[in-house]
Each structure stands twice: as structure tokens, then as C-alpha cells.
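**Q** Return atomic coordinates for the entry below.
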Amino acid sequence: MSDVLPPRADAAECWTRREIFQQPQTLRDTQRLLSDQAAAIERFISPLLARPNVRIVLTGAGTSAFVGQCLAPWLARETGRRVDAVATTDIVSAPDLYCERDTPTLLVSFGRSGNSPESVAAVDIANTRIARVHHLVITCNAEGALARNAGADSYVVTLPDAVNDRAFAMTSSFSSMMFAALSILSGIGKLDARVAAIADAVGGILADGEAQMAALAAQRFARVVYLGSGLFEGLAREAALKLLELTDGGIVTFFDTPMGFRHGPKTVVNKDTLIVVFVSNDPYTARYDRDLIAELRRDRVAGAIVTIAAHAQADDTLAIRHLDKVDDADLLFPYIVPAQLFALHASLALGMTPDTPNLAGTVNRVVRGVRIHPLKA
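**A** Predicted coordinates for the structure are as follows:
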């Protein structure tokens, strides 16, 4: 990529950038916290996962919901249990579609503040509509309602205070909650040996990628598309939301899978469109990712195409260091970093304040204006 520019000096003064850059450390701190609680967590989790008919529901709102969307397919395969990602907004608005009364359920609730009305209501609804339900709460705020209201059939993991992101958009809170769930549900000890490589890869992409993302942002694309297969479909959704949030809707964003993109959504592409593809480490899946990348390059319609890969090829834009042999779950953490950096610098390029991009006050750090309606008996 040509004309690489240094990041704007004022970027370093905002919480958003600090919280993006603290992720190598906060991932290590999260695993350390979980290791300290490993015995207690195992006492809570192991009997639940031992039930062959247990249903694990990963829930949250907005970015917290996308944590579950990233992890559900991988955790289902690894645990051999049914794992569903269902947003709290869906549970609250249509509880009879998502609550199964007679299915033993572990509801895993993600919340940065733990105060979103839907998060609290989803727990209450689950307790009312599911006969046997246990709760794992993963939150960044010990004083939030999710943590304070936890009952006897609950375990609360409160992450380090640093990941209770002060900025408007969730960055280190997203990665740390996702890491905590991955660690707990796949076996805490398994990530002890992996956290250093993951954190180092995040640090490497922070060092390698910021100038490139700032240069891309300076090109002022009107549309940005994020594409990912498997686990990375959820990550593409989070990446699209991050850019939408930090530019206050000033850039049109879209997400899809590489295979699904051809089926109509590809019409969004024009000369003002940036396309970002997260390439899978699975050799079979990666063939489909790279088929679409090659097709987009042949089309010569998009303004720019960025590829992010660990098993990198010469024409990839950003290569993740030393993770070419790992499962895609480990790549979730370094892969989201370029999208966070691009959103930050796109916000700055539009003259916005990333920590408070929505000047109208109609969108807030903790959602407002939600009315929870009483359930019918």
C-alpha cells in the first residue's frame, strides 16, 4: 500500500485509541484472573457441561451479542453441546421463540456496563420461562445490575477494571469478554499456553497496522464492506458496527460471508467502496475466501481490497504473525484490531471525536429509552 501516513497526533489523546492499544495486556490480565478463579469456575461449569442435553445460550446486546456470534459455531464443535447465539434484544422482544422451557440451559450474559435494560430483562425472562436455567455472567462492571442481581444459580466473572471501556465504542471490552468465554467454555487451562501467542499477535498487528489503517481512512471511502466465513461472519458484523458507531453513520457499512456476498449484496460495490476480507486458517474454507478475493480483484470495481490473513500470501495486506497453525478462534483477537484502528482513524478523518462521536445524543454508551413490557402469564 502506498502513501502510508503517520497516525494523527491527537489520536493518542483519546480513550478509544488507548483502549485499542491496551488489548495485549488486557488479554493476559483476563487469563490471569480466570486462572486465579479456575477451581471455582470448574465447580460451576463442569456439572453443566457434563449434561449431554444442556443448551448454552450466548447473549448480549450490540457488540456484546456479537461476542456470542463469533464463538457459538466453534464452541458447539469443541464442547459437543448445542450452543446458540441469541441477542438479549431477541429474547426480550420474542421470548417464546427463544426460551425452551424443558431444555436445561446455561445462559451466558455479556455486558460491558451490565446495566442495559435488555440484559437485565433477559435474565428475568429466562428465570420465568425456562425450568432449569443457570447463569454465567461475564461483565466489565462489578457494580452493574447483571453482577449485583446474580442469584444462587449464577457465577459472575468481573473482568479487570481497565476493560470497562471509558470510550463510547467497545474495543478491549469486546476482546476480553470474548476471550473469557472462550477460555471458560473450552477449558481454562487450554488457553494458558495460548494467551501469550494471541497477545503477541495482537501487539504485532497494532505495531504493523495503524499507519496503514490511517492511510486507508484518509482516502475517505463512502462504503466499507467486511466479509468473513464461519466465526468471522460475527467478527465482520462487529467490525461494521465499530465503523458505523465511530463515524456516527457517516460511512455506510455492510457485512456478509464471502460466499453469501455474491448473492445480491455484491451490488453495493463501486469505486468508493473498501472491501475487507478476514481469511480463514482452515485450508478448505480459505479456498472460498480467496476465490472471492480473486474475483473482486478481477472485477476492478472496488476502490480498494484489504485482506487479513495468518496463513498469508504475498498479496495479502496485513499478515498476522506466528498464528498460521492455530484454529480460527485464536485469530478473532488480532483480526478485529485493523477494523478497530480503521474505525478510529476514519472518525478522525471526518473531524469527529472518537470517544463521543454521536453529538446528537441519540445513541449512548449505555442504551436509553428502552421500555420493558410485562410478560403475559
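**Q** if I look at residue 165, how far off is residue 286?
**A** From residue 165 across to residue 286, the span is 32 Å (CB to CB, to the nearest Å). In this view, the C-beta of every residue, glycine as well, is placed from N, C-alpha and C.
**Q** Phi first, then psi, for residue 224.
**A** phi -140, psi 130 (degrees, to the nearest 10).
**Q** phi, psi of the residue nearest to residue 224 when sequence neighbours are not counted?
**A** Nearest residue to residue 224 in three dimensions, chain neighbours excluded: residue 274, at 4.7 Å (CB to CB, 6 or more residues apart in numbering). Here is the backbone geometry of residue 274 (degrees, to the nearest 10): phi -100, psi 130.
**Q** okay, residue 274: pLDDT?
**A** Residue 274 carries a pLDDT value of 98.
**Q** ok, now which ones touch it?
**A** 216, 219, 221, 223-225, 302-306 (CB atoms under 8 Å, 6 or more residues apart in numbering).
**Q** before we move on, back to that, show me which of residue 165 and residue 286 is the more surrounded one.
**A** Set residue 165 next to residue 286 and count neighbours by other CB atoms under 10 Å: residue 165 wins out with 26 against 20.
**Q** roughly how far apart are the more buried one and residue 174?
**A** Computed as CB to CB, the residue 165 to residue 174 distance reads 8 Å.
**Q** want to throw the contacts of residue 274 into TSV with pLDDT and secondary structure?
**A** Output for the contacts of residue 274, formatted as TSV (pLDDT from 0 to 100; DSSP: H, G, I helix; E, B strand; the rest coil):
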residue	pLDDT	secondary structure
216	97	helix
219	97	coil
221	98	coil
223	98	strand
224	98	strand
225	98	strand
302	98	coil
303	98	coil
304	97	strand
305	97	strand
306	97	strand
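**Q** of these, buried ones?
**A** Buried subset of the contacts of residue 274 (neighbour count, 16 or more other CB atoms under 10 Å): 216, 221, 223-225, 302-306.
**Q** so which of those residues would you say is closest to residue 196?
**A** Nearest to residue 196 among those, counting by CB to CB, is residue 306 at 27.1 Å.
**Q** quick revisit: tell me what the residue nearest to residue 224 is bridged to.
**A** residue 224, residue 304 (DSSP bridges).
**Q** Residue 136: neighbour count?
**A** Residue 136 has 24 nearby residues by other CB under 10 Å.
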